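1. sequence unavailable; structure follows:
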């Protein structure tokens, strides 16, 4: 436990529980975001501004078009990244972290992290797999905790 911060570090089960919860939320957001794009393409097709051509429908266009498929993947990735960055920088907690009563903090105990720390954390998290590295750290810090100079703590009731 950090001398500056009296809150205990979060264990692996809490971290993975929060990640699972957040994954379901992100999935719902991504479905809505994709639906909006498909609706726009469908409307543009109805106005004869966009033609599906060999792709047949909006989903085929977004899945198989060499340029649009890449742009669509980038669009969905940006939404996913912004979800974590927004919550981590704003409150130190995603919705899943709130449910599991854990919070992301600076190593000095402050609950506000910088956008740089959030980017480093996200870039090195390997889609959550880096959480398992905490099993090999005496202070229960994962690989991305150490690199971003952050910690995840359990909040008191």
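-> Nice, thanks for sending it over. These figures come from a predicted structure and were not determined experimentally. Numbering: from 1, shown residues only.
2. C-alpha only now, for contacts and for neighbours.
-> Will do.
3. so who does the residue nearest the centre of the chain touch?
-> Closest to where the C-alpha atoms of the chain average out (C-alpha atoms, centre = their mean) is residue 84, at 4.0 Å. By C-alpha atoms under 8 Å, 6 or more residues apart in numbering, the residues touching residue 84 are 94, 118, 122.
4. could I get these as CSV with secondary structure?
-> Shown next, in CSV, are the contacts of residue 84 (DSSP: H, G, I helix; E, B strand; the rest coil):
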residue, secondary structure
94, coil
118, helix
122, helix
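5. sorry, back to before: the residue nearest to the centre of the chain: which element?
-> Using DSSP states H and E, residue 84 falls within helix 68-90.
6. give me phi/psi at residue 151?
-> The phi/psi pair for residue 151 (degrees, to the nearest 10) reads phi -150, psi 150.
7. bridged to it, which residues?
-> Beta-bridge pairing for residue 151 (DSSP bridges): residue 105.
8. pretty sure it contacts residue 105?
-> Yes - assessed by C-alpha atoms under 8 Å, residue 151 is found in contact with residue 105 at 5.4 Å.
9. any buried residues in the helix holding residue 84, and which?
-> Judged by neighbour count using 16 or more other C-alpha atoms under 10 Å, the buried positions of helix 68-90 are 69, 72, 76, 80, 83, 84, 85, 87, 88, 89.
10. before we move on, what about stretch 24-42?
-> Neighbour-count burial for stretch 24-42, counted by 16+ other C-alpha under 10 Å, picks out 26, 29, 30, 34, 37, 38, 41, 42.
11. same question for stretch 119-127.
-> In stretch 119-127, counting by 16+ other C-alpha under 10 Å, buried: 119, 120, 121, 122, 124, 125.
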